[in-house]
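*Asks:* Quick one, what's the 3D model for this:
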Amino acid sequence: MNADLERLVRLQQAESNLKRVESSRLDLPRRRSEAAAALEQEKTRLLGAREAVESCQKARRKYEAELQDLEAKRSKYKGQLMDVKTNKEYTAMLHEIEGVEREIRAREDLVLAEMEKAESLTAEVKREEQAFKDADDEAKARGLEMDEEERRLESEADRLTAERDAVAAEVPTSMLELFQRVARVRGTAVSEATKDAMCSQCHVKLRPQMFVELKRGDVFFQCPQCNRILYYEAPAPVVVPQP
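*Replies:* Numbering: from 1, shown residues only. Got it, this is the predicted structure:
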């Protein structure tokens with residue numbers, strides 16, 4: 001293969017590797033954001049469970065306060081029974097007491113229901129607390145892993161940048177400018193020709209004469225369709241074992 005063409009192939013490999021590393025680096029903030037959002041969801045579920053317990057306890061306290069008021073009211077009515085003068089007044093007072101006692105039983109049922117509900121919700125809070133702790137531990141571990149990955153990618157990007165610049169310095173100016181122009185338009189500037197005489201990037205079929213000359217490696221060609229710089233890598237010879 002022509003020496004300058006070989007340098008362009010190496011330059012493309014260095015560019016592609018650098019883009020891959022840079023893409024991974026640029027993806028790290030998204031991954032960190034997703035991890036933070038997942039942890040926030042766990043926290044929201046935990047807070048929701050705790051709020052449900054607080055709401056249940058608040059309702060219970062309300063019903064217990066109403067129950068105390070009703071019991072005080074019943075005691076007052078019972079005390080007034082001694083002061084009534086007629087059977088009619090006595091009967092009316094008994095009806096009042098019965099009505100208050102129905103309300104008392106209803107409030108007692110509500111208090112009991114809230115107690116049972118609170119027991120279930122408290123168990124749910126404990127499950128959510130454990131789930132959040134597990135998620136938080138995992139998020140911290142993943143954060144450390146991503147910190148390490150970021151340092152590794154930064155180091156690799158520095159190495160690849162130096163490698164790319166070193167190779168680019170060996171490429172003639174005119175060829176380097178062509179490489180950069182094609183790369184700006186196509187993303188990649190170099191394309192391997194397959195053994196079936198096709199551009200591996202745009203898959204156009206190359207003319208037979210062009211392919212023959214390209215295989216010799218001493219002629220510089222661009223793909224007639226995508227304009228990428230073409231090269232041909234001869235397959236490794238097949239070694240037939242001796243019988």
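*Asks:* could you pull out the helices for this structure?
*Replies:* The residue ranges that make up the helices of the chain, judged by DSSP state H, are 3-80, 87-170, 173-186, 208-216.
*Asks:* and the angle from the helix or strand of the chain with the lowest mean pLDDT to helix 3-80?
*Replies:* Comparing helices and strands within the chain by mean pLDDT, DSSP states H and E singles out helix 208-216 as the least confident, with a mean of 89. If you take axes from the mean of the first three to the mean of the last three Cα atoms, to 10 degrees, helix 208-216 sits at 90 degrees to helix 3-80.
*Asks:* Need the residues that contact helix 208-216.
*Replies:* Contacts made with helix 208-216 from outside it, assessed by Cβ atoms under 8 Å, 6 or more residues apart in numbering, are listed as 193, 197, 206, 219, 221, 230-232, 234. The C-beta positions use only the backbone N, C-alpha and C, and glycine is treated the same way.
*Asks:* Can you name the residues that contact A139?
*Replies:* 35-36, 38-39.
*Asks:* swap in L70?
*Replies:* By Cβ under 8 Å, 6+ apart, the contact list for L70 reads 100, 103-104, 107.
*Asks:* Pick out the most distant pair among these.
*Replies:* The most widely separated members of these are V100 and R107, with 10.4 Å between them, by Cβ to Cβ.
*Asks:* How is this protein partitioned into domains?
*Replies:* 3-171, 174-231 (automatic domain parsing).
*Asks:* Count residues in the vicinity of R10, would you?
*Replies:* Burial measure for R10: 18 neighbouring residues, criterion other Cβ atoms under 10 Å.
*Asks:* what separates the residue lying closest to it once chain neighbours are set aside from H203, distance-wise?
*Replies:* The spatial neighbour of R10 that comes closest, neighbours along the chain excluded (Cβ to Cβ, 6 or more residues apart in numbering), is V167 at 5.0 Å. In this view, V167 and H203 are 27 Å apart by Cβ to Cβ, to the nearest Å.
*Asks:* Looking at the two now, which is surrounded by more residues?
*Replies:* Taking other Cβ under 10 Å, V167 and H203 do not tie; V167 has more neighbours (20 against 13).
*Asks:* Give me the pLDDT value at that one.
*Replies:* Predicted confidence (pLDDT) for V167: 92.
*Asks:* Quick one: residues contacting it.
*Replies:* In this structure, V167 makes contact with 7, 10-11, 14, judged by Cβ under 8 Å, 6+ apart.
*Asks:* Let me have these in a markdown table, extended by pLDDT.
*Replies:* Listed next are the contacts of V167 as a markdown table, based on pLDDT from 0 to 100:
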| residue | pLDDT |
| --- | --- |
| R7 | 90 |
| R10 | 91 |
| L11 | 93 |
| A14 | 92 |
